[in-house]
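>>> dropping the sequence and predicted coords here.
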Amino acid sequence: MTRSSKQERAYQKRRQESWDKRSREKAARRRRTTMVVATIVGLAVVAAVIALLLINRPDAEEPEAQPTDTATTAPTEAPAALPTTDPELYDAAPDPAEAEGRTWDVTIQTSAGDIAMEIDGENAPQAAANFLRLARDGFYDGTACHRLLPDSLLQCGDPTATGTGGPGYSFGPVENAPEDDVYPAGTLAMARQSNNAESMGSQFFMVFADVPLPSDTAGGYSVFGRVTEGLDILQQVGSAGTVEGTEQPALPVTIEGVTID
């Protein structure tokens, strides 16, 4: 059936309107898509800029490692000690029977002055026998006291002055440690490894101000004598402090010899 010209014009008009509507809808969709893409790109750019700023800001740089100030080590820290690894020095610790039941008067000659001590073989025979043998053999002669806690104690007896040296053996157990973990001024005691009662060797420490040294799983520290003269010398060494960044005494102390009366 043939359409009239009027019907044809109406048909064409509806087609045009339908076409225009679809075109407008497509254009609207394109605009929305463009806006979404632009928004996403914009957000990505902003995020990248923020990240770049955060990475490059001065306070975001990795901080430099700060040296540990061992001069401020708490006085409650237990004295460190490691036995030597040189087996040619001695085979084993001496028999504690060599020191049992008596005391000895000993003088340590140091570069800072003489320090007189009483060695207690009655309450700490193994540590006393050990110290006396090493002293008689000249083991301590020329050794530097390597570790200072400025408020409390000076540690000596390591031939390497590193904290890792000793006579070639280790011994234990702990003897005569104070029950309250307080080591009074004048205390003479053996250093050892943490949590190892069998790690004593040649290193010892002299206390010049009361200090608590908490027990660990091995107990406390073997007290085998006391300083009878020269406590003021140790206090002067403590007052001088340590070499910056170390635990070495700023006022060097070298054992020049040991006299046993």
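Alright, I've got the coordinates. Numbering: from 1, shown residues only.

>>> surely residue 154 and residue 145 touch.
Yes - using C-beta atoms under 8 Å, residue 154 is in contact with residue 145, at 5.3 Å. Where you see a C-beta, it was placed from the backbone N, CA and C, and this is true even at glycine.

>>> list residues touching both of those two?
237, 249, 253 (C-beta atoms under 8 Å, 6 or more residues apart in numbering).

>>> just the CA atoms of stretch 125-142, as CSV, please.
Extracted C-alpha coordinates of stretch 125-142, given in CSV (Å, rounded to 0.1, in the frame of the first residue of the first chain):
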residue,chain,number,x,y,z
PRO,A,125,87.8,-20.9,96.7
GLN,A,126,87.6,-21.6,93.0
ALA,A,127,87.6,-17.9,91.9
ALA,A,128,90.3,-17.1,94.5
ALA,A,129,92.5,-20.0,93.4
ASN,A,130,92.0,-18.9,89.8
PHE,A,131,93.0,-15.3,90.4
LEU,A,132,96.0,-16.2,92.5
ARG,A,133,97.4,-18.6,89.9
LEU,A,134,97.0,-16.1,87.1
ALA,A,135,98.5,-13.3,89.2
ARG,A,136,101.5,-15.4,90.2
ASP,A,137,102.1,-16.4,86.6
GLY,A,138,102.1,-12.8,85.4
PHE,A,139,99.0,-13.3,83.3
TYR,A,140,97.6,-9.9,84.2
ASP,A,141,100.9,-8.0,83.7
GLY,A,142,100.5,-5.4,81.0
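
>>> can you tell me the strand partners of the helix or strand encompassing residue 227 and which way each runs?
Element membership for residue 227 (DSSP states H and E) is strand 223-229. Paired strands of strand 223-229, with direction, are strand 113-120 (antiparallel), strand 187-190 (antiparallel) (DSSP bridges).

>>> make JSON lines out of these and add mean neighbour count and distance to residue 257.
Listed next are the strands paired with strand 223-229 as JSON lines, based on neighbours: other C-beta atoms under 10 Å; distance: least, C-beta to C-beta, whole Å:
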{"stretch": "strand 113-120", "mean neighbour count": "19", "distance to residue 257": "10"}
{"stretch": "strand 187-190", "mean neighbour count": "27", "distance to residue 257": "17"}
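
>>> show residues contacting the strand holding residue 227.
105-106, 114-121, 123-124, 127-128, 131, 175-178, 183, 186-190, 204, 206-208, 234.

>>> same deal with stretch 248-261?
104-112, 132, 135-136, 138, 140-148, 154, 156, 236-237, 240-243.

>>> ok, stretch 96-115 next?
Residues outside stretch 96-115 that contact it (C-beta under 8 Å, 6+ apart) are 116-122, 125-126, 128-129, 132-133, 135, 140, 145, 206, 225, 227-230, 233-234, 236-237, 251-261.

>>> flag every buried residue along it.
96, 99, 104, 106, 107, 108, 110, 112, 115 (16 or more other C-beta atoms under 10 Å).

>>> with only the CA atoms kept, save it in PDB.
C-alpha atoms of stretch 96-115 as PDB (Å, rounded to 0.1, in the frame of the first residue of the first chain):
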ATOM      1  CA  PRO A  96      89.900 -24.800  94.500                       C
ATOM      2  CA  ALA A  97      91.700 -26.600  97.300                       C
ATOM      3  CA  GLU A  98      94.700 -24.300  96.600                       C
ATOM      4  CA  ALA A  99      92.800 -21.400  98.100                       C
ATOM      5  CA  GLU A 100      90.300 -22.900 100.500                       C
ATOM      6  CA  GLY A 101      90.000 -21.700 104.100                       C
ATOM      7  CA  ARG A 102      92.200 -18.600 104.000                       C
ATOM      8  CA  THR A 103      92.600 -15.100 102.700                       C
ATOM      9  CA  TRP A 104      95.400 -13.300 100.900                       C
ATOM     10  CA  ASP A 105      96.500  -9.700 100.800                       C
ATOM     11  CA  VAL A 106      97.100  -8.600  97.200                       C
ATOM     12  CA  THR A 107      98.200  -5.400  95.600                       C
ATOM     13  CA  ILE A 108      97.600  -4.600  92.000                       C
ATOM     14  CA  GLN A 109     100.000  -2.000  90.600                       C
ATOM     15  CA  THR A 110      98.300   0.000  87.900                       C
ATOM     16  CA  SER A 111      99.200   3.000  85.700                       C
ATOM     17  CA  ALA A 112      96.600   4.900  87.800                       C
ATOM     18  CA  GLY A 113      98.000   3.900  91.200                       C
ATOM     19  CA  ASP A 114      98.100   0.900  93.500                       C
ATOM     20  CA  ILE A 115      95.000  -0.900  94.500                       C
END
